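> 3D, please:
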Amino acid sequence: MTLQAIPKILVTGKNGQVGFELQRSLAVLGEVIAVDREACDLANAESIRMLVQRIRPDIIVNPAAHTAVDKAESEVELATLLNTTAPQVFAEEAVKLGALLVHYSTDYVFDGTKEGAYLESDATNPQSVYGKTKLAGELAVAAANPRHLIFRTSWVFGAHGGNFLKTMLRLMQQRDALSVVADQIGAPTSASLIADVTAQIIAQYLRTPDQAQFDFGTYHLVASGETSWHGYAALVNDIAAQQGYTLKVTSESIKAIPASDYPVPAPRPANSRLSTQKIQSTFGLVLPKWQAGVHNVMTLLKQS
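Presented below is the predicted three-dimensional model:
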C-alpha cells in the first residue's frame, strides 16, 4: 500500500461497544467497512476467509469476541471459536495481504495476584474460560502475523451497548440499596478512549515510511487511575445525582462487599491494574483519568 492510497479498514463487531466507536474514530483514516454477525459469522472460519478475501483490507481491526464471561464457562466451544480461532484466521488472512491486524484482549489473561500494575511482559495465568480463550487468541495472532497490535483493556463501558455503568444507573433508580464488590481493583475504560487511541496508533502506522519497522506487539490500553467496582458505582451515583436523576439509592446505601459474597461462575482477577507506560512512551500518548470517561458517557446518556 502506498502512502497516497486510501486504506481499506475492516472492522468487526460493529454493534459492540468498541466496534461502534471505531466506526467514528477510524473514518478519518480511510474507507471503513464495518461488519456484524450477519455479514460475517465469526464462529465460521470459512466465512471469515471469504470476507477478507473479498474486501482485501489494508488493516483489520477486530474487537468482536465472546465477552459474556460467565456464559463462557458453559459455552467453551463457542468462546474458543470467537476468541481463539477467529483471531487466528484473521491473522492468517491478513499476512497473505501484508495487512495490519489490530486485536483486543483483556486483563483476564492474568490471575490478579500481583501486588502492582501488570506489565505486558508479566507471566499470564488466566483463571476462566474467557481468559484462557482470549490468551490463546493473542498467541495465535502473534504466531500467524508479525504485523499485529494487541491491545489489552479492562472494565469497558460506553454510551452504546450494555455495561456496568448503565446497569448501576438503572438499579439506582429502582432499588433502595445496592451491594457492590469492593476488593477487585481496575480502571474503567471507555470504548471511545479505546477507539481514539486505536485511531491515533493506526495513523502513526500509516505515516511510517517503512511499515515493516513499526513497533508491533502487545500493549496495555486502559484509562489512568484505579478504583474498585464499589468506587466506580459511587461515582456513577454522585454524577447521576448532579445530573438530576431521580435516585432511590444514595452513596450511603451502596454497601461495599467482598467478591466472596457475590459468587459467579467465572473467577475475576482481584487485581486488574494494567501498566500503560509502554503504550504511552512508544506512541507519545497521554491516557486520561477513568473518571473523565465516566463523566463523558453519563453526559451523553443524559442527553439521549
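> what about Ser105, distance to Thr218?
8 Å (CB to CB, to the nearest Å). Where C-beta positions appear, they are placed from N, C-alpha and C, glycine not excepted.
> which residues do these two both contact?
Glu138, Ile150, Arg152 (CB atoms under 8 Å, 6 or more residues apart in numbering).
> so the residue lying closest to His220 once chain neighbours are set aside bridges to which residues?
Nearest in space to His220, with sequence neighbours left out and distances taken as CB to CB, 6 or more residues apart in numbering, is Leu274 at 3.9 Å. Beta-bridge pairing for Leu274 (DSSP bridges): Tyr118.
> let me see the contact set for Leu274.
Asp107, Ala117, Tyr118, Arg152, Thr153, Ser154, Gly186, Ala187, His220, Val222.
> how about a cut-off of 10 Å?
Residues counted as contacts of Leu274 (CB atoms under 10 Å, 6 or more residues apart in numbering) are 106-107, 110, 117-120, 122, 152-154, 186-187, 189, 219-222, 226.
> ok, Leu169 next?
So Leu169 contacts 163, 233, 236-237, 239-240, 243, 245, 247, 297-298, 301-302 (CB under 10 Å, 6+ apart).
> tell me which of those fall in helices.
Per DSSP state H, helices hold the following members of those: Ala233, Val236, Asn237, Ile239, Ala240, Val297, Met298, Leu301, Lys302.
> ok, of those residues, which come out buried?
Ala233, Val236, Asn237, Ile239, Ala240, Val297, Met298, Leu301 (16 or more other CB atoms under 10 Å).
> distance of the fourth one relative to Leu135?
In other words, Ile239. 35 Å.
> and stretch 96-113, average pLDDT?
Stretch 96-113 shows a mean pLDDT of 98.
> just the endpoints, please. Distance across that stretch?
39 Å (CA to CA, to the nearest Å).
> same question, stretch 216-236
Start-to-end, stretch 216-236 (CA to CA) is 36 Å.
> buried ones in it, by neighbour count?
Quick answer for stretch 216-236 (16+ other CB under 10 Å): 216, 218-223, 226-236.
> likewise stretch 117-136?
Using 16+ other CB under 10 Å as the burial criterion, the residues of stretch 117-136 that qualify are 117-118, 120, 124, 126-136.
> could you list which of the residues you listed belong to helices?
Val129, Tyr130, Gly131, Lys132, Thr133, Lys134, Leu135, Ala136.
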